[in-house]
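Student: Need a 3D model of the following:
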Amino acid sequence: MYFAPTMPPFLDLIIPLVSGYLAPILILVLFIALGFIFKFLMESYLMHLAKKTETPVDDIFIASFGRPITYLFIIAGVSIALQLMPIPWEIKKIIIPAVFVLAVIIIAHAVTKFFIGVFRYYSYRNESLKGVAPLVQRMFQFLIYFLALIFIFDFFGVSITPLLTTLGIAGIAVAFALQETLSNLFAGIYIMADRPIRVGDFVRLESGDEGYVEDISWRSTRIRLLSDDLIIIPNSKLANSVLHNYSLPSKRSAIIVPVGVSYGSDLAKVEDITLKVARDIMAKFGVEGEPLLRYKEFGESSINFIVRIPVPSYPEHYKIVHEFIKELHTTYAREGIEIPFPQRVVWMKRGE
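Tutor: A predicted model of the protein is given here:
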């Protein structure tokens, strides 16, 4: 008599369970292994090749996308495994969208990190981009994550047309309400990018105020006067004004000192003595260069000329001119050279 073998009751439950979950688990393990293999290749082989190139863009790309691609392999494995697993659809409806959202966030983060890294590298090499780099990076980061949000809304079937319409209308309203603020913002970006002035420059404003540029922000520029007072100028006004930057193209400058001597003076002697005094003052302050004297005009009371004296920087001209005028006055008095007062000769015709 033949008896058919029977399986224990617990195997009747385990075998279908194992057969239903084994393939998804193997797929998940395969994708995890592929992710770590890809990470290993990028960090060893591809990074080694990237270091041999002159541009750092490939290094930034590997640093930005190496680990996120590994995560994407794992997420892809989880997504496929969930599709194959014999679990209720209600659970899948919750997990699969969450996996998609996580994948979009990882991709957005990697793209943002890559482009910010590239922009940061070139901004450090380009003086005109240093000032605007933080602002541009934040704007680009906002744009990438905003696009990621649109992809997520589209995945869930949410129509983005009303949202974009609402944002457009709101943007117009905000633009009108913040017109002056936005004007200052874009003027600040222009100043930071074009760099007509830089922090530390010595400038003269249209009002005649002179001082050092202490800070350039997105809204205003701060200038520290020689009196130690602080002037705060909206960027929109500064961008549309005419200003004199004494620090460009270099800090080295020259100052013009007007002088006048009497008509009875020996002009050759005046020139020699004046230039000697200028050279002595320049040597006293360690200034390199050569002074220049040019006779300018026959004035009402004197023969007028100018003395051009090189200075290391414009703010230093105050003390140099101060010493020059004192020494020149003393030397002229000693040499008998007259600096005349304004005078007018009047001829009176006597009546007959």
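Student: For the closest residue to Y314 other than its chain neighbours, which residues are in contact?
Tutor: Nearest residue to Y314 in three dimensions, chain neighbours excluded: Y246, at 3.6 Å (Cβ to Cβ, 6 or more residues apart in numbering). Just so you know, the C-beta spots here come from the backbone N, C-alpha and C atoms, and that holds for glycine as well. Contacts for Y246 were tallied using Cβ atoms under 8 Å, 6 or more residues apart in numbering; they are D201, F202, V203, R204, S253, S313, Y314, P315.
Student: I would like a ChimeraX command selecting only the buried ones among those residues, please.
Tutor: Selecting in ChimeraX just the buried members of the contacts of Y246, where the criterion is 16 or more other Cβ atoms under 10 Å, is done with this command:
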select :201,202,203,204,253,314,315
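Student: which two from the contacts of Y246 end up farthest apart in space?
Tutor: Using Cβ to Cβ, the contacts of Y246 reach their maximum pairwise distance at R204 and S313, which is 13.4 Å.
Student: Tell me the helix or strand right after whichever strand or helix holds F73.
Tutor: Assigning secondary structure by DSSP states H and E places F73 in helix 57-84. Moving toward the C-terminus from helix 57-84, the next helix or strand (DSSP H and E) is helix 89-125.
Student: Tell me the buried residues in that next one?
Tutor: Burial within helix 89-125, assessed by neighbour count using 16+ other Cβ under 10 Å, is assigned to 100, 103-104, 106-119, 123.
Student: where along this structure do the helices fall?
Tutor: Remark: helices of the chain, listed N- to C-terminal, are 9-41, 47-50, 57-84, 89-125, 127-130, 133-155, 161-177, 179-194, 235-239, 267-284, 317-335; assignment by DSSP state H.
Student: Deepest in the core, which of those helices is it.
Tutor: helix 235-239 (a mean of 20; mean count of other Cβ atoms under 10 Å).
Student: returning to what we had before: against which helices or strands is the helix holding F73 packed?
Tutor: The contact analysis (3 or more Cβ pairs under 8 Å, 6 or more residues apart in numbering; DSSP states H and E) places helix 57-84 against helix 9-41, helix 47-50, helix 89-125.
Student: among these, which is nearest E210?
Tutor: Closest approach to E210 among the helices and strands packed on helix 57-84 (Cβ to Cβ): helix 89-125, 30.5 Å.
Student: model confidence over the closest one, on average?
Tutor: Across helix 89-125, pLDDT averages out at 81.
Student: what about that helix, distance to the chain center?
Tutor: Averaged C-alpha coordinates place helix 89-125 at 26 Å from its chain's average position (Cα atoms, centre = their mean, to the nearest Å).
Student: Stretch 142-149 now?
Tutor: Averaged over its C-alpha atoms, stretch 142-149 has a centre that lies 22 Å from its chain's centre (Cα atoms, centre = their mean).
Student: tell me the mean pLDDT for that stretch?
Tutor: Here stretch 142-149 scores 84 as its mean pLDDT.
Student: What distance do you get for I32 to A110?
Tutor: Spatial separation of I32 from A110 under the definition Cβ to Cβ, to the nearest Å is 19 Å.
Student: Same check on R294?
Tutor: Between R294 and A110 the distance is 66 Å, computed by Cβ to Cβ.
Student: before we move on, what about Y212?
Tutor: To A110, Y212 is 42 Å away according to Cβ to Cβ.
Student: And for M42?
Tutor: As judged by Cβ to Cβ, M42 and A110 stand 12 Å apart.
Student: Which residues are in contact with each of the two?
Tutor: Between them, M42 and A110 share these contacting residues under Cβ under 8 Å, 6+ apart: F65, I69.
Student: Can you give me the pLDDT of L293?
Tutor: Confidence per residue is given as pLDDT, and for L293 that number is 94.
Student: List the residues that contact it.
Tutor: For L293, counting by Cβ under 8 Å, 6+ apart, the contacting residues are E271, T274, L275, A278, F305, I306, V307, R308.
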